[in-house]
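# Build the 3D model from these lines:
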Amino acid sequence: MLEEVASSDATRREDNGHLRMPGSSKLAEEVASSDATQMVMMNRPQENLIYYVTTVTQNRLPLFVEASFIILLYDSLHYYRHKLTFKLLGYVFMPDHIHLLLWPLGEATISDIMRDYKKFTATRIVRQAEVENRVDWLNAFAEAGQTTGRAENKVWQDSFWDKIIYTERFLRQKLNYIHRNPIRAGLVTDVEKYPYSSYRNYVLGDDSLIKMNTDWL
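Predicted coordinates:
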């Protein structure tokens with residue numbers, strides 16, 4: 001699945017799903033046309049870009065299938081969006097990886113945001129695994145930490161994957177892609193049935209888990 005995220009074929013397939021979102025497009029008012037591509041380009045400084053980000057658990061451990069671990073992702077994301085000043089435009093939490101659409105607005109770079117987010121969530125995940133006596137996960141974290149020699153416990157794979165979102169069309173494609181991810185993984189047959197994605201925010205108006213920044217619409 002991760003290989004599909006990185007491939008150009010995956011990008012072309014994203015048009016199979018269509019997210020219909022109401023309202024006039026404020027984002028379109030901010031963009032300038034490009035003669036070279038005949039596409040609408042976001043008109044903003046290079047250091048103030050929207051990023052499509054993917055990060056994966058170490059050894060693809062399915063950590064995020066229980067609410068006690070998923071809620072840690074929400075709490076930490078809410079904390080850092082205010083501490084490091086970024087907008088959250090979309091997300092999906094899958095069992096062994098997450099996709100985020102982030103728009104940094106402060107001094108923190110996308111690398112700063114992901115470094116701090118992954119470090120903070122890793123600490124909380126290990127702590128929760130200790131509380132729940134998840135010995136198999138704790139052993140896996142410790143073994144991965146010893147193997148890499150970089151930490152006592154290792155929860156996430158090194159680094160992350162990111163793509164810069166230059167156009168509103170590409171942004172909508174990525175939203176459709178991440179919202180349909182649970183269907184492609186066989187977790188649900190209807191995107192509305194998967195609770196851990198921004199589909200529910202955009203289409204159902206459900207901000208109960210976390211609020212989206214939808215002012216770009």
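# what kind of secondary structure is residue 101 in?
Each residue gets one of three states, and residue 101 gets strand by DSSP: H, G, I helix; E, B strand; the rest coil.
# check contacts around it.
Contact analysis of residue 101 by C-beta atoms under 8 Å, 6 or more residues apart in numbering lists 50-53, 88-91, 165, 171, 174-175, 178, 198. In short, each C-beta sits where N, CA and C put it, glycine included.
# Could you count how many residues lie near residue 202?
Around residue 202 sit 20 other residues, with neighbours defined as other C-beta atoms under 10 Å.
# What pLDDT does the model give it?
Residue-level confidence at residue 202 comes out at 96, pLDDT.
# and what of the one 3 residues further on?
Reported pLDDT at residue 205 in the predicted model: 94.
# who touches residue 68 in this structure?
Contacts were defined as C-beta under 8 Å, 6+ apart; by that measure residue 68 touches 128, 132.
# Count the residues that sit near the residue lying closest to residue 212 once chain neighbours are set aside.
Nearest non-adjacent residue to residue 212, counting by C-beta to C-beta, 6 or more residues apart in numbering: residue 201, 4.2 Å away. Taking other C-beta under 10 Å as the neighbour definition, residue 201 ends up with a count of 21.
# thinking again about what came up before, of the contacts of residue 101, which is the nearest to residue 109?
Checking the contacts of residue 101 against residue 109 by C-beta to C-beta gives residue 51 as the nearest, at 9.7 Å.
# just checking, the closest one is part of a helix?
No. Under three-state DSSP, residue 51 falls outside any helix and is assigned strand.
# Check for me that residue 180 belongs to a helix.
Yes. With three-state DSSP as the criterion, residue 180 is located in a helix.
# My guess is it contacts residue 191. True?
Yes. Here residue 180 reaches residue 191: they are 6.2 Å apart, a contact under C-beta atoms under 8 Å.
# Residue 54 and residue 99 touch, don't they?
Yes. With contacts defined as C-beta under 8 Å, residue 54 counts as touching residue 99 at a distance of 5.3 Å.
# Settle it for me: which of those two has more neighbours?
Ranked by neighbour count (other C-beta under 10 Å), residue 54 and residue 99 place residue 99 first, with 23 against 18.
# any idea which element the residue nearest to residue 212 lies in?
Remark: residue 201 resides in helix 199-204, with elements defined by DSSP states H and E.
# ok, now residue 139?
helix 135-148.
# give me phi/psi at residue 160?
Geometry field for residue 160 lists phi and psi as phi -160, psi 170, criterion degrees, to the nearest 10.
# ok, for it, nearest residue in space, not its chain neighbours?
Beyond its immediate neighbours in the sequence, the residue positioned closest to residue 160 (C-beta to C-beta, 6+ apart) is residue 55, lying 4.1 Å away.
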